[in-house]
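Enquirer: below is the structure, and that's it, no one-letter string:
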């Protein structure tokens, strides 16, 4: 269920699941460790990884700063359309 802010804004939060999972795995970090480092509940991190919801802009910047990456690198890009042979 979207939060009141998400419902009111008409915008979907960024999907960061795959990039976040990759960073957690490559640095051998748990959801709990990231959550503690950025001041959120472990459940929030789990929901972000599963793309059930996404972080607000402020949190996205905090996650990016924590990992030392640009915020845009955390946002999943939509799959490119497949080429259809004519």
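Expert: Arrived safely. Every value quoted in this text rests on a predicted model; they were computed, and no experiment measured them.

Enquirer: so which bits of stretch 42-62 are buried?
Expert: 44-45, 47-49, 51, 53-55, 59-60, 62 (16 or more other CB atoms under 10 Å). C-beta: built from backbone N, CA, C; applies to glycine.

Enquirer: widest-spaced pair of those residues?
Expert: 51 and 62 (18.6 Å; CB to CB).

Enquirer: hang on, the earlier thing: make CSV out of the buried residues of stretch 42-62 and add secondary structure, pLDDT and distance to residue 36.
Expert: Output for those, formatted as CSV (DSSP: H, G, I helix; E, B strand; the rest coil; pLDDT from 0 to 100; distance: CB to CB, whole Å):
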residue, secondary structure, pLDDT, distance to residue 36
44, helix, 98, 12
45, helix, 98, 10
47, helix, 97, 16
48, helix, 97, 15
49, helix, 97, 16
51, coil, 95, 22
53, coil, 95, 19
54, coil, 95, 20
55, coil, 96, 15
59, helix, 97, 14
60, helix, 97, 18
62, helix, 97, 12
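
Enquirer: how about those residues in JSON lines, adding distance to residue 27?
Expert: As requested, those are exported to JSON lines (distance: CB to CB, whole Å):
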{"residue": "44", "distance to residue 27": "18"}
{"residue": "45", "distance to residue 27": "13"}
{"residue": "47", "distance to residue 27": "20"}
{"residue": "48", "distance to residue 27": "16"}
{"residue": "49", "distance to residue 27": "14"}
{"residue": "51", "distance to residue 27": "20"}
{"residue": "53", "distance to residue 27": "23"}
{"residue": "54", "distance to residue 27": "20"}
{"residue": "55", "distance to residue 27": "18"}
{"residue": "59", "distance to residue 27": "18"}
{"residue": "60", "distance to residue 27": "18"}
{"residue": "62", "distance to residue 27": "16"}
